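J.: structure for this input, please:
(chains A and B)
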2 protein chains.
Amino acid sequence: MPNVTKHNFGAGPCVLPQDVLKKAADAVMNWDEQGLSVLEVSHRSPAFEAVVKKTETLVRELLQVPEDYSVLFLQGGASLQFCMVPMNFLRDGATYLDGGFFGKKAIKEAELFGPVNRDITQITGDYFHCTSNNTIEGSQMKSFPDVPNLICDMSSDIFSRPINVSEFALIYAGAQKNMGPAGMTLVIARDAFLDDVKHQVPAMLDYRVYRDNGSMYNTPPVFAIYAAMLNLQWLQSTGGVPAIYKQNKAKAEMLYAEIDRNSLFTGTASVPERSLMNVTFKTHEPLLEPVFLAYAESKGLVGIKGYRTVGGFRASLYNALPLTSVIALVDAMQEFENSNIYG
Amino acid sequence: MPNVTKHNFGAGPCVLPQDVLKKAADAVMNWDEQGLSVLEVSHRSPAFEAVVKKTETLVRELLQVPEDYSVLFLQGGASLQFCMVPMNFLRDGATYLDGGFFGKKAIKEAELFGPVNRDITQITGDYFHCTSNNTIEGSQMKSFPDVPNLICDMSSDIFSRPINVSEFALIYAGAQKNMGPAGMTLVIARDAFLDDVKHQVPAMLDYRVYRDNGSMYNTPPVFAIYAAMLNLQWLQSTGGVPAIYKQNKAKAEMLYAEIDRNSLFTGTASVPERSLMNVTFKTHEPLLEPVFLAYAESKGLVGIKGYRTVGGFRASLYNALPLTSVIALVDAMQEFENSNIYG
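T.: Residues are numbered from 1 along each chain as shown, chains lettered A, B, ... in the order given. Coordinates of the predicted model:
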């Protein structure tokens, strides 16, 4: 079988820029000509401490994080945040937006710690929790409610569009979409909100322990942080969040336009909520689904199978996915439509 | 400054085999000629599922793990285990070996969940917790007590010497010594012990959730697991744990012999407890400490500074550290002694 250029539409872990991969691979062999691999260096070395500091600075610059917010690096993904948030902040109750698959998982964990209100017309309790982008369903919040303690899971759209950090008490995100490889979690939190925790919480589940130790209470995920630094440097060099947002909009608009035009396909998310990151669609005719999937694979389009409980297709258009990959998918959809086999 | 071969005595993250680094770097660029980086592949892909399975198989083979034990991959390092263990297993109380720095940290977390007995002549409670090797102090347990529910933090000596897994109810280890790079945690647990958990625990802190989902309840630390697989393959190819144990003994014996012989140095751990992994020593004359440190660095001997709260020197002799590095250190100690500057 001949080699075909791969277009990686995976939902995460996902495509990363070639330049980032090249630098990361070099550092695995010999990091900055130090004669050691980035996998071998002490996390207490000045060289790695500079990486953590640089990564934090990049997060602050790219998202214009206000000074009274802390930027923390954890492990465990968003799923660990599902329990850390209520463990730290839920006292009397909290309101959760009962949105997509992962929002429901967050609610399930919160209910171990206290009552959860799902009625968002009556926001009550210690905080309001929402998911900015539903990776599986392909829907995205276009604005956020004006509430005092807003907590948001931004795993799948952070760094993809401008946000106003000061609207939030706490933002968290698994890294493996627009930040870097899997294995680290970003938390951005208002210091006054963290200071208000009254619970006694185990050290590794206490945000303040990460803050007080510069995210190095214990050995951090060294390589994941290093690769995230490279990726955020790449993002900054391409013009930062406003520039990537324009590209992300162009990519998504092109694909949605083809879905709406093509007689074989239909989008599955409601139009006003359509996500710029995860484009979900299906064939009108269910029998065509595996046929198109095989056709797409033959064209090097990988990772477009929809989530296993949902079916259909999902094309994830994260920051590092080039426009040429979207064009390749649109071309494949048109060729598929035009092919007389399915006429 | 001319390039000097580096000998990495770091306490973790630590030296890894060159062959492992080479394969890991290749996979960051193009994993097994798939046209994708190992950082970009879905954790649900058959290729990565095979990695998890292979890594588990290697752990089972290398440590002869009995069939009624589960092998799990988590995040958060040993420090997260310090709270997960009592959260899951402590009901009425537990006995902790109040040994080194990290054992004390484990006790502090356990006390959030129930009473801790430190009197090991009277082992009581739901389990007995110990640390097999004290990385900072340079001491190592040479045998383990015969108690029903033995839990052991083996972060710094797992895979370095034969163990009898069936003696333990649960073993945990941060990966960043003999298993792979930082960013994952290995847990080996007797299934009947896990089944006995009665607490309602958040999903990401519940060992059974990892067991029931093949360590993929959420996105795992893909690269850390992949690199661990490479490293365990290397260990297997060199003869497995019995063979590396012989090498580890030879390396440690050579260094301890020099410490005991050399008029300038003295060991800091009690002789019967001396660790094969972390060799701690100091100069009789404290003023010589920074002088030798600088001399060692000029010889490419890195990572031998003792832990910041302890001082002196610590040479970590993990599996991947070659005998030639120990010889280089011993040579430096002899040259330092012979140098008339310090005569």
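
J.: where in chain A is pLDDT low?
T.: Counting by pLDDT under 70, chain A has low-confidence residues at A:1-3, A:340-343.

J.: in three-state terms, label the spatially most central residue of it for me.
T.: With distances taken as Cα atoms, centre = their mean, residue A:156 lies nearest the centre of chain A, 2.4 Å away. Per DSSP: H, G, I helix; E, B strand; the rest coil, the secondary structure class of residue A:156 is coil.

J.: got a list of what it touches?
T.: By Cβ atoms under 8 Å, 6 or more residues apart in numbering or on different chains, residue A:156 lies in contact with A:11-12, A:132-135, A:173, A:177-178, A:277-278. For glycine as for every other residue, the C-beta is placed from the backbone atoms N, C-alpha and C.

J.: which parts of stretch A:324-343 are buried?
T.: A:325-326, A:328-330, A:332-333, A:336-337 (16 or more other Cβ atoms under 10 Å in any protein chain shown).

J.: all helices of chain A, in order?
T.: Listed in chain order, the helices of chain A (DSSP state H) span residues A:18-29, A:46-63, A:77-89, A:101-110, A:191-195, A:207-212, A:222-237, A:240-261, A:288-298, A:323-338.

J.: and the residue nearest to residue A:161 when sequence neighbours are not counted, how many neighbours?
T.: Take residue A:161 and drop its neighbours on the chain: the residue closest to it by Cβ to Cβ, 6 or more residues apart in numbering or on different chains is residue A:245, 4.6 Å away. Using other Cβ atoms under 10 Å in any protein chain shown, residue A:245 has 17 neighbouring residues.

J.: could you do the one 10 residues further on as well?
T.: Each residue near residue A:255 was counted by other Cβ under 10 Å, and the total is 23.

J.: out of the contacts of residue A:156, who's near chain B?
T.: A:11-12 (Cβ under 8 Å from any Cβ of the partner chain).

J.: among the contacts of residue A:156, which are in strands?
T.: A:133-134, A:173, A:278 (DSSP state E).

J.: how many neighbours does the residue in the stretch 1-150 of chain A that chain B sits nearest to have?
T.: Using Cβ to the nearest Cβ, the closest approach of the stretch 1-150 of chain A to chain B is made by residue A:83 at 3.4 Å. As a burial measure, residue A:83 scores 23 neighbours (other Cβ under 10 Å).

J.: and it, what does it touch?
T.: Neighbours of residue A:83 in contact, by Cβ under 8 Å, 6+ apart: A:109, A:112-113, A:205, B:202-205.

J.: likewise for residue A:272?
T.: residue A:142.

J.: kindly report the residues of the stretch 51-200 of chain A close to chain B.
T.: So the stretch 51-200 of chain A meets chain B at A:75-80, A:82-83, A:87, A:105, A:108-109, A:112, A:174, A:176, A:180-184, A:200 (Cβ under 8 Å from any Cβ).

J.: if any of these are buried, put those into a PyMOL selection.
T.: Selection of buried members from these for PyMOL, criterion 16+ other Cβ under 10 Å:
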select buried, chain A and resi 75+76+77+78+79+80+82+83+87+105+109+174+176+180+181+182+183+184
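
J.: I figured residue A:180 hits residue A:16, correct?
T.: Yes - shown here, residue A:180 and residue A:16 form a contact pair, counting by Cβ atoms under 8 Å, at 7.4 Å.

J.: which residues do these two both contact?
T.: A:227, A:231, B:39.

J.: what comes up buried for stretch A:263-273?
T.: Neighbour count says stretch A:263-273 has A:264-265, A:267-269 buried, by 16+ other Cβ under 10 Å.

J.: er, stretch A:93-103 I mean
T.: A:93-100, A:102-103.

J.: for the nearest residue to residue A:73 once chain neighbours are set aside, give me its contacts.
T.: In space, and not counting its chain neighbours, residue A:73 is closest to residue A:215: 4.2 Å by Cβ to Cβ, 6+ apart. Counting by Cβ under 8 Å, 6+ apart, residue A:215 makes contact with A:52, A:72-74.

J.: give me the neighbour count for residue A:284.
T.: 10.

J.: skipping its backbone neighbours, what lies nearest it in space?
T.: residue A:266 (5.8 Å).

J.: with residue A:230 instead?
T.: residue A:20 (4.6 Å).

J.: can you tell me how far the one you found sits from residue B:37?
T.: 9 Å (Cβ to Cβ, to the nearest Å).

J.: who wins for neighbours among the contacts of residue A:215?
T.: Going by other Cβ under 10 Å, residue A:74 tops the contacts of residue A:215 with 25 neighbours.

J.: neighbours of the nearest residue to that one once chain neighbours are set aside, how many?
T.: If you skip the residues right next to it in sequence, residue A:74 has residue A:185 as its closest partner in space, 4.4 Å away by Cβ to Cβ, 6+ apart. By other Cβ under 10 Å, the residues close to residue A:185 number 26.
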